[in-house]
Structure formats: structure tokens, C-alpha cells
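1. Quick one: sequence and predicted model below, then my questions.
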Amino acid sequence: MKLLLTLLSAYIALTNAAPVTVTKTVVVLTQYSTSTVSGSPFTLASEVVSTLTGALVSSSAAVPSSELTLTSAPVAATTSATATSSSAASSSSSTSSSLNSFEAAILEEHNVKRALHGANALTWDTTLAQYAADYAASSFSCDNVQLIHSGGPFGENLAAGYVGGAAPVDAWYDEISQYDYSNPGFSEATGHFTQVIWASTTKVGCAEVICNNAWRQYTICEYSPAGNVIGYFEENVYPLES
């Protein structure tokens, strides 16, 4: 009888106790998309998953970014990369005397940076420059900052907010501080830098869009043959020469 009363008391105590809720939250951050806005606040999405209810809640928050876009995906080392290399074979080059001040400055700054690594100087290519200008005219708006890669057959670097020809190249090149020469390969954090000094690239053509707002200038550069080819970083991204 005493045992029964003890068990009954324990049962009553348990039923009157406050319920205990056990939760577990998992936050998954999405990878930065190459097609999202950069140069203005971009969106970092997160998914919050409750293991108890199974509910899926999506949210997004504006996170300030730098004024550089992320590079496009690296080029696969396949026959398509070979086609990319030959696609500009009929392109025409220009001498520095025929370039305007922006074109001359951006070409010179590319070659200054490449010389630091022993990479050959680039030549200006009017076909690449026209491709950049056409894409700029059709896809860039001063009213809505959206730096989205063209997905074309060339290597491509984009920037917003950097004025003149040298400043965008300097910003792209500054990614060198994040490049790991002991583990060469593609990274979204260093893709601009590796394209700028890519040894196998021989031609460049760029265009600018001038805006009367805070962004002031868009810069689009096209490269041939394209850099950032998977499996070829060690032989194309030279270290700084001493």
C-alpha cells in the first residue's frame, strides 16, 4: 500500500510539472551567387529548419558587399575551353596610340600587374572591347546596379564604383592577398586576380559605363583565351618575382 501511494504521488508530480520543449535549429547559408548583385547590398539567404515541426522558413537579409562582383564559374579544361581559345583568333588588335584614355590606362595597368609575375603583356583587342561595350549597353543600368556575368565565350571581370582605367584593375589584383600558392586553384575570392595575371591570356578588351550617381562607373573586361581554367592554375598563376 505504501509503495502504491509513493508511485501515485510521483505520477501527480510529473503531470503537474511544466512541459519541457526541446528544439534544435540548423542555419544553412547559401553560397554567394555569381548572378546576384554586387557593388550594392546583395542578398544572403538562410534557411532555418526546426527538427520538431519540420517547418521550413526562408529569410533574407541585406549584407553590404564590396564594389566588385564575384567572378563567373571557372572554365572546365575540355574541348570547350579550346574552342574559347580559338574563337578570338580572327579578332583585331589595336596599337596603344589608337586607344582612348580609359582603354590605354586599363591596358597599361593590366600589364603592370602581369609584369610583377613575369606574365607576358596583353594586347588590346577591338573584338573583345566591342563585345564588352555591347554587353554593357544591353545589360547595365545606372538606375539599378546589377552586375551579372554575360556567360559569353571569354574570361570576364566586372566592377562598379571604381573610376578610371587603373582603379578597377588595382581592386581585382588586390585579391592576391587571399590566393594560396601552396594550393593553386579557383576561388571566388581570388578569381579576378587570377584572370588578370593568367599567363595564357594574350588579349583584353574593356568598356566602361559612366553614371551620374554614387556608382559613377561600371567596368567590363573580356579576356582571350579565358583564364581560370580548372587544372591549369599552377602553370598560369605565377608568384611575384623577387
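-> Good, I have the coordinates. Residues are numbered from 1 along each chain as shown.
2. how about residue 227, what does it touch?
-> 75, 155, 194-195, 198, 200-201, 236 (CB atoms under 8 Å, 6 or more residues apart in numbering). Using the backbone N, CA and C atoms, a C-beta is placed for each residue, glycine as well.
3. between the residues you listed, which is closest to residue 242?
-> Proximity of these to residue 242 was ranked by CB to CB; the top entry is residue 236 with 19.4 Å.
4. Phi first, then psi, for the closest residue to that closest one other than its chain neighbours.
-> Excluding the flanking residues, the one nearest residue 236 by CB to CB, 6 or more residues apart in numbering is residue 199, at 4.4 Å. Main-chain dihedrals, residue 199, degrees, to the nearest 10: phi -60, psi -40.
5. sorry, back to before: take the contacts of residue 227 and write them to TSV, including secondary structure.
-> Converted to TSV, those look like this (DSSP: H, G, I helix; E, B strand; the rest coil):
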residue	secondary structure
75	strand
155	strand
194	helix
195	helix
198	coil
200	coil
201	coil
236	coil
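6. Got a quick ChimeraX command for the buried subset of those?
-> Listed next is the ChimeraX selection for buried residues among those, using 16 or more other CB atoms under 10 Å:
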select :75,155,194,195,198,200,201,236
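7. picking up where we left off before, please report the distance of the residue nearest to residue 236 from residue 180.
-> Separation of residue 199 from residue 180 (CB to CB, to the nearest Å): 18 Å.
8. Look at these two and report which has more neighbours.
-> A direct count of neighbours by other CB atoms under 10 Å for residue 199 and residue 180 places residue 199 higher, at 16 against 9.
9. Contact partners for the more buried one?
-> By CB under 8 Å, 6+ apart, residue 199 lies in contact with 117, 119-120, 235-238.
10. Return a ChimeraX selection command for the buried portion of these.
-> Command for ChimeraX that selects the buried part of the contacts of residue 199, burial taken from 16+ other CB under 10 Å:
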select :117,119,236,237,238
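11. Helices - which of the contacts of residue 199 land there?
-> Using DSSP state H, no member of these falls within helices.
12. Same list (the contacts of residue 199) but as TSV, adding distance to residue 100.
-> Shown next, in TSV, are the contacts of residue 199 (distance: CB to CB, whole Å):
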residue	distance to residue 100
117	27
119	25
120	24
235	34
236	30
237	30
238	30
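13. could you dump the contacts of residue 199 to JSON lines with pLDDT?
-> Converted to JSON lines, those look like this (pLDDT from 0 to 100):
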{"residue": "117", "pLDDT": "99"}
{"residue": "119", "pLDDT": "99"}
{"residue": "120", "pLDDT": "98"}
{"residue": "235", "pLDDT": "98"}
{"residue": "236", "pLDDT": "99"}
{"residue": "237", "pLDDT": "98"}
{"residue": "238", "pLDDT": "98"}
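14. Keep only those of the contacts of residue 199 that are in strands.
-> Among those, no member is found in strands (DSSP state E).
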